[in-house]
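In: dropping a prediction and its sequence here:
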Amino acid sequence: MAQGKPARAVVVGGGIGGLTAAAALLRRGWEVTVVERAGSVEPVGAALSLSPNALRALDVIGAGDRIRALGAPLGDGGVRTPHGRRILRTRADAATSRFGEPLLLLHRAALVDALIALLPPDTVRTGAPATLADAGDPGDTGRPARVSTPDGELEADLVVAADGIHSAVRRTLFPDHPGPVYSGFTAWRLVIAVPDVECASQETWGRGSIWGTHRLNDGRVYCYAAATVPAGGRAPDERAELLSRYGDWHRPVPDILAAARPEDVLRHDVHHLARPLPAFHHGRVALLGDAAHAMPPRLAQGGNQAIEDAVVLAHHHTDLPAYTAARLPRTAYVTRQAVRASRVSLVANPVAVAVRNAGLAVLSAAGPGLLMRGFDGIADWRPPQAPYAAEQAGADQQ
């Protein structure tokens, strides 16, 4: 780092974690460039859930209040069987009562737009595939890291690898790590307008398959499904595939599928990093999000943990071993919990399904407070920075 010049960071990947890291580092006085392989930062995907831990992290970069206004709190709902019998009841206020914040649902594009609004113009370079040429040597007198792009090399005091589950940077830094493994199920997602259909916030659990329905703030419906199938399968018409699997489930599932078009349906096999990385840093490079700890989506924590990573990395920006120490044990724990939750919800053995459903009924009878205890140690996380940037911004304007 040249004396008198601000530190420079290059963020590889323009997804949620990368953009949050860029905003967090900018607030710390860094110069930041985000390089994104795709031709735009329009997110691939549908919607996501933000839990209290991520909302507190977004407060650090001054985005929390805006995201709260954009998100739709998850309403009263629960879990049903495919025939419609309710086996678990949930309340909308349960998360707020326990953790001080609701569970919010919003489209990924809305979150990405809110994050980009925090960045100066030209911070993000799209259509710019990047390769890590040199991880650099940490320390004030060490050599910088180097990232190769089609427009030439970029030198950086810090490279943030936010390049996703199939991270090329991760493979470069840890070539002996086995990488992601198939989680045992494929997933479908869609966001469509079905104004005449009543849609509560609920999931339906069958044998080796689930369906979820939630309404967004703009009135559209976000749906997701998952099934335990061999990896690599694809159907010529994924809407028809969903109809064959879920068309005889309780309403509104068939009504939603009747309103969907084949092009509305996204499908992807789910993978996760079963073996934690030895570290989340090497040289002047730090990994975050799916590049560091990809996890199944059953706890809806993938994006939330990436947001946490970003603000913690900005806090430890000159001490990458401290970043690893803060994030690796936590994300390994959350990943294990997500794998367990996937196995429970997607169990296929009829006897095991009956036991699972009976257990959910007992849990429901005990009340929503007991159910929320399952998120203790996850949703109650707080960022290391204080005061929150949202509070400080308000103080600065007075």
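Out: It's in. Residues are numbered from 1 along each chain as shown.
In: pLDDT score for the most centrally placed residue in the chain?
Out: Nearest to the mean C-alpha position of the chain, counting by Cα atoms, centre = their mean, stands residue 303 at 1.6 Å. Turning to residue 303, the model gives it a pLDDT of 97.
In: now swap in residue 384 and tell me
Out: In this model, residue 384 is scored at 93, pLDDT.
In: list the contacts for the closest residue to it other than its chain neighbours?
Out: Computed as Cβ to Cβ, 6 or more residues apart in numbering, the closest residue to residue 384 that is not its neighbour in sequence is residue 315, at 4.8 Å. Quick note: C-beta positions are derived from backbone N, CA and C, even for glycine. Residue 315 sits next to 383, 384, 385 when contact means Cβ atoms under 8 Å, 6 or more residues apart in numbering.
In: how about the residue nearest to the centre of the chain, what does it touch?
Out: Going by Cβ under 8 Å, 6+ apart, residue 303 touches 16, 17, 48, 50, 54, 108, 111, 289.
In: please identify which helix or strand holds it.
Out: Residue 303 is part of helix 302-315, with elements assigned from DSSP states H and E.
In: can I get the CA coordinates of that helix in PDB?
Out: Extracted in PDB, the C-alpha atoms of helix 302-315 (Å, rounded to 0.1, in the frame of the first residue of the first chain):
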ATOM      1  CA  GLY A 302     -27.000 -18.400   2.400                       C
ATOM      2  CA  GLY A 303     -27.400 -14.800   1.500                       C
ATOM      3  CA  ASN A 304     -27.700 -13.800   5.100                       C
ATOM      4  CA  GLN A 305     -24.300 -15.300   6.000                       C
ATOM      5  CA  ALA A 306     -22.700 -13.600   2.900                       C
ATOM      6  CA  ILE A 307     -24.000 -10.300   4.200                       C
ATOM      7  CA  GLU A 308     -22.500 -11.100   7.700                       C
ATOM      8  CA  ASP A 309     -19.200 -12.000   6.000                       C
ATOM      9  CA  ALA A 310     -19.100  -8.700   4.200                       C
ATOM     10  CA  VAL A 311     -19.400  -6.400   7.300                       C
ATOM     11  CA  VAL A 312     -17.100  -8.600   9.400                       C
ATOM     12  CA  LEU A 313     -14.500  -8.500   6.700                       C
ATOM     13  CA  ALA A 314     -14.700  -4.700   6.500                       C
ATOM     14  CA  HIS A 315     -14.300  -4.600  10.300                       C
END
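In: roughly how far does the residue nearest to residue 384 sit from residue 139?
Out: Distance of residue 315 to residue 139, computed by Cβ to Cβ, to the nearest Å: 19 Å.
In: do residue 126 as well
Out: 33 Å.
In: what pLDDT is listed against the closest residue to residue 382 other than its chain neighbours?
Out: In space, and not counting its chain neighbours, residue 382 is closest to residue 56: 5.6 Å by Cβ to Cβ, 6+ apart. The score at residue 56 is 96. That number is its pLDDT.
In: other SSEs contacting the helix or strand hosting residue 56?
Out: Element membership of residue 56, judged by DSSP H and E, is helix 52-60. Packing partners of helix 52-60 (3 or more Cβ pairs under 8 Å, 6 or more residues apart in numbering; DSSP states H and E): helix 16-27, helix 64-70, helix 302-315, helix 389-396.
In: now do the host helix or strand of residue 210: distance to the chain's middle.
Out: Assigned by DSSP H and E, residue 210 belongs to strand 209-215. Offset of strand 209-215 from its chain centre (Cα atoms, centre = their mean, to the nearest Å): 17 Å.
In: what angle separates the helix or strand just after that strand from strand 209-215?
Out: Moving toward the C-terminus from strand 209-215, the next helix or strand (DSSP H and E) is strand 221-227. Counting by axes from the mean of the first three to the mean of the last three Cα atoms, to 10 degrees, strand 221-227 lies at 170 degrees to strand 209-215.
In: which two of the contacts of residue 303 have the greatest separation?
Out: Taking Cβ to Cβ, the two most distant members of those are 50 and 289; they sit 14.5 Å apart.
In: the more surrounded of the two?
Out: residue 289 (30 against 26; other Cβ atoms under 10 Å).
In: just checking, that one touches residue 162?
Out: Yes. Using Cβ atoms under 8 Å, residue 289 is in contact with residue 162, at 5.3 Å.
In: rewinding a little: of the contacts of residue 303, just the buried ones, PyMOL syntax please.
Out: Buried subset of the contacts of residue 303, written as a PyMOL selection, criterion 16 or more other Cβ atoms under 10 Å:
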select buried, resi 16+17+48+50+54+108+111+289
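In: closest to residue 208 among the contacts of residue 303?
Out: For the contacts of residue 303, the minimum distance to residue 208 (Cβ to Cβ) is 23.9 Å, reached by residue 48.
In: and the closest one, what does it touch?
Out: For residue 48, the contact set (Cβ under 8 Å, 6+ apart) comprises 16, 105, 106, 108, 111, 300, 302, 303.
In: same check, this time on residue 380
Out: By Cβ under 8 Å, 6+ apart, residue 380 lies in contact with 52, 53, 98, 99.
In: how about the third one, nearest residue that isn't a chain neighbour?
Out: Right, residue 98. Nearest to residue 98 is residue 372, by Cβ to Cβ, 6+ apart, at 4.4 Å.
In: which SSE is that neighbour in?
Out: helix 368-372.
In: please apply the same query to residue 154.
Out: strand 152-156.
In: tell me what that strand is packed against?
Out: Using 3+ Cβ pairs under 8 Å, 6+ apart: strand 152-156 touches strand 8-12, strand 145-149.
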